[in-house]
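Novice: Task: produce atomic coordinates for the following.
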Amino acid sequence: MTVFRFYNSLYLTKNLTNRINKSSLSHLTWFPSKILFDTACIYQKISYTSFPSSKSQKSKKYLVFDNKTSFKDFLQITSATKTQNHDLYKKKDSNELIGIADQIPYLKNDIKTLGINTKYFIEVYGCQMNVNDTEILMSIMNSSGYQKTSRLEDADIVFLVTCAIRDKAENKIWHRLNVLKSMKKDQKPLIGVLGVKRLKTKLLDADKTVDIVCGPDAYRSIPHLLSLAVQTSQGIANVMLSADETYADIMPVRLHQDNVSASLSIERSRPLYPSIVEEVKTLSDRGVKEVVLLGQNVNSYRDTSEYDFYKSLGLGNQLSNDGFKTIYRRKEGGIRFTELLDHVSKIDPEMRIRFISPHPKDFPTDLLKLIAERPNICNQIHLPVQSGNTKIDSINCISILISMSTTNVDIDKLFRYLDLVNTIRDIIPNVSISTDIITGFCGETEEEHQDTISLMEIVKFDMAYMFAYSMREKTHAHRNYLDDVPGNVKTRRLNEVIQTFHKNAKIKLNTLLGNPQLVLVEGISNRHNERFRGRTDGGHKIYFDNVQVLKCIDDQMLNRSDNCKVLDTDNQKIDVKIGDYVIVVPTSTTGATLYGIPLAKSSIAHF
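Specialist: Numbers count the residues shown, from 1 in each chain. From the prediction side, this is the model:
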């Protein structure tokens, strides 16, 4: 494979490429030229001197826009104490930030109109954050003239939106690409894979199946990447990183317009005003009853758009709970997650607010008190732990793989985590605590696995996401550690983790039996058409029969001390519909699910 790397941005034209003879390709290292990109790489399976002109061309060429930086450089960039906005590459003007691929000189104007009446189809894999990315993508595509279709066979373009955090998710994508490959015989449809920048060259190399690969910071460039792929018949990837891109000006197009719940990304300190507030108001006006604030380390949010103003107010001084460390230098000023949650929860008192995924280090007392005091902020907190052993856990900082490199085992990390759990439960009555558990890490011993089991026995989590560790290529662990825990051992340990969780979760669920819960009705049960499904304030799934309930219920009728027995009344009964708040009394449990009896409609304020 011949690799060209162009520094200070070289733009390529057909004439320039044709002037380079085949013998000189292996000696080519760089050309200075007009600055359009910080770094551009062209990879070739077979060296040749011109762009492929037809589908019969056997050689495959692909263009990758990347500005990858080392982890050390990233930390250095983000360590400044007063910098309001950081970018992993040199600051560009606003036109370049709108879409780097838009400035490619040989992208003809008529090709840029590819989107008119062109249909696209989307498949989403993985977590809620991928769903949120999809909704941003849909807004970008629609504004460029593309039309979404629900029929794969009608699509001119197929997008697979995913991530490669886990081996299972990656395998799903490869399996799906094999299925889609059969549709490529007539050059339709174009196929794009979004969110897996680590696999960019591997995807573009996959038998000409994938046409574009795009990282999460470059979605604005997708319409022009598609145009470029059509014009040049080559694979295109834009995986450039940006610490400034928040898509703050883009109103997502919801995948399911009728859903009573919606997610909202606050990634990378997206401005609170007007961006976040206006989107929440729009969702409220549309009748959405629950908003989930999304972000990696979501509670580490910091809005610097009004840096001096917020610093003058002294906001954000109490950032992290004592004892937890971070690899980043603490920054003063800016509006923090506590203030964001305060503002957002006031927009609509009858709209529930949840957030995910937080980090244990950023739960100051003020944040916990706000959750306890504000009725529409759900009493549910996700507290990732990943392992109960301090040698391989991620309690102390940002990453399981980074903390694995620590040589000093600090037992205080475990105590700090347990102390935080106790503090949360002291401040927020009836709180539900969920977590992430991964078992079978590199070098994990049986004793270390038992530490995880012991932690689960102590905390008794209400909910948990549990997985066996899978090695990912091009990661710190892949370069420095050996995935030496056998597969059958991983499976056995995972089963033990799951069994421990369900045993303790059942105990926690049993404490809810007979105690009335305010349930948001989310839809009809997939298994029983005569049942509704909903979710409690603590995030527990609950099912109940689709029967008429009381129109309202007062405090005297709702006798919580007597298992919520309803007194005789002439109160009118009405139908329940999706989006209602209903008082439901749990009567039984199965696994991590509740079943109950509906009593009456209610509201957050009244309940």
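
Novice: Could you use CA atoms for every contact and neighbour count after this?
Specialist: Will do.

Novice: Which residues are in contact with the closest residue to G539 other than its chain neighbours?
Specialist: In space, and not counting its chain neighbours, G539 is closest to Q380: 6.5 Å by C-alpha to C-alpha, 6 or more residues apart in numbering. Listed by C-alpha atoms under 8 Å, 6 or more residues apart in numbering, the contact partners of Q380 are 354, 431-434, 537-539.

Novice: Touching, P375 and I604? I think so.
Specialist: Yes - under the contact definition of C-alpha atoms under 8 Å, P375 touches I604, with a separation of 6.7 Å.

Novice: sorry, back to before: relative to V489, how far out is the residue nearest to G539?
Specialist: Taking C-alpha to C-alpha, to the nearest Å as the criterion, Q380 is separated from V489 by 33 Å.

Novice: likewise D580?
Specialist: Looking at D580 against V489, where the rule is C-alpha to C-alpha, the gap reads 46 Å.

Novice: Between the two, which has more neighbouring residues?
Specialist: Set side by side, D580 and V489 show unequal neighbour counts under other C-alpha atoms under 10 Å, the larger going to D580 at 17 against 14.

Novice: Could you pull up the contacting residues of the more buried one?
Specialist: The neighbourhood of D580, defined by C-alpha under 8 Å, 6+ apart, consists of 520-521, 601-602.

Novice: how does it look with 7 Å?
Specialist: Residues in contact with D580 (C-alpha atoms under 7 Å, 6 or more residues apart in numbering) are 520-521.

Novice: Over to the one 5 residues further on?
Specialist: V585 makes contact with 514-517, 596-598 under the criterion C-alpha under 7 Å, 6+ apart.

Novice: Also D211?
Specialist: With contact set as C-alpha under 7 Å, 6+ apart, D211 has these partners: 190-192, 204, 229, 235-236.

Novice: Apply 6 Å and report the result again.
Specialist: By C-alpha atoms under 6 Å, 6 or more residues apart in numbering, D211 lies in contact with 191-192, 235.

Novice: Skipping adjacent residues, who's closest to it in space?
Specialist: Counting by C-alpha to C-alpha, 6+ apart, D211 lies nearest to G235, which is 4.6 Å off, once chain neighbours are set aside.

Novice: and what of T338?
Specialist: Distances taken as C-alpha to C-alpha, 6+ apart put L367 closest to T338, at 5.1 Å, once the chain neighbours are dropped.

Novice: This structure - how does it break down into domains?
Specialist: Domain assignment of the chain by automatic domain parsing yields the ranges 2-238, 261-510, 517-601.

Novice: residues contacting P516?
Specialist: The contact partners of P516, by C-alpha under 6 Å, 6+ apart, come to 584-585.

Novice: Look up phi and psi at it.
Specialist: For P516, the backbone dihedrals (degrees, to the nearest 10) come out as phi -60, psi 140.

Novice: That one and L599: what is the separation?
Specialist: 9 Å.

Novice: overlap in contacts of the two?
Specialist: If you check P516 and L599 against C-alpha under 6 Å, 6+ apart, the residues they both contact are V584.

Novice: What number of residues are in the vicinity of the residue nearest to D211?
Specialist: The number of residues packed around G235, counting by other C-alpha under 10 Å, is 28.

Novice: Report the beta-bridge partner residues of it.
Specialist: With DSSP bridges applied, G235 shows beta-bridge pairing to Y62.

Novice: where does it land on pLDDT?
Specialist: The predicted local confidence for G235 comes out at a pLDDT of 86.

Novice: what's the spacing between it and F355?
Specialist: Distance check for G235 against F355: by C-alpha to C-alpha, it reads 37 Å.

Novice: do G596 as well
Specialist: G596 sits 26 Å away from F355, going by C-alpha to C-alpha.

Novice: same question, Y543
Specialist: Applying C-alpha to C-alpha, one obtains 23 Å for the distance of Y543 from F355.

Novice: More neighbours: these two, which one.
Specialist: The neighbour count for Y543 versus F355, taken as other C-alpha under 10 Å, is higher for Y543 (25 against 22).

Novice: Over to the more buried one. Which of the three states is it?
Specialist: Here Y543 is strand, with the state taken from DSSP: H, G, I helix; E, B strand; the rest coil.

Novice: I figured it was touching R535, is that so?
Specialist: No - under the criterion of C-alpha atoms under 6 Å, Y543 lies out of contact with R535, with a separation of 8.5 Å.

Novice: Name the helix or strand for P429, please.
Specialist: Using DSSP states H and E, P429 falls within no helix or strand.

Novice: do the same with I437
Specialist: With DSSP H and E as the criterion, I437 is inside strand 432-439.

Novice: Pull out the buried positions in that strand.
Specialist: Neighbour counts using 16 or more other C-alpha atoms under 10 Å place 432-435, 437-439 of strand 432-439 among the buried residues.

Novice: and if you look at stretch 346-364?
Specialist: Buried residues in stretch 346-364, counting neighbours by 16+ other C-alpha under 10 Å, are found at 348-364.

Novice: Among the residues you listed, which are located in strands?
Specialist: 352-356 (DSSP state E).

Novice: what's the farthest-apart pair in the residues you listed?
Specialist: By the measure C-alpha to C-alpha, R352 and I356 form the most distant pair in these, at 13.7 Å.
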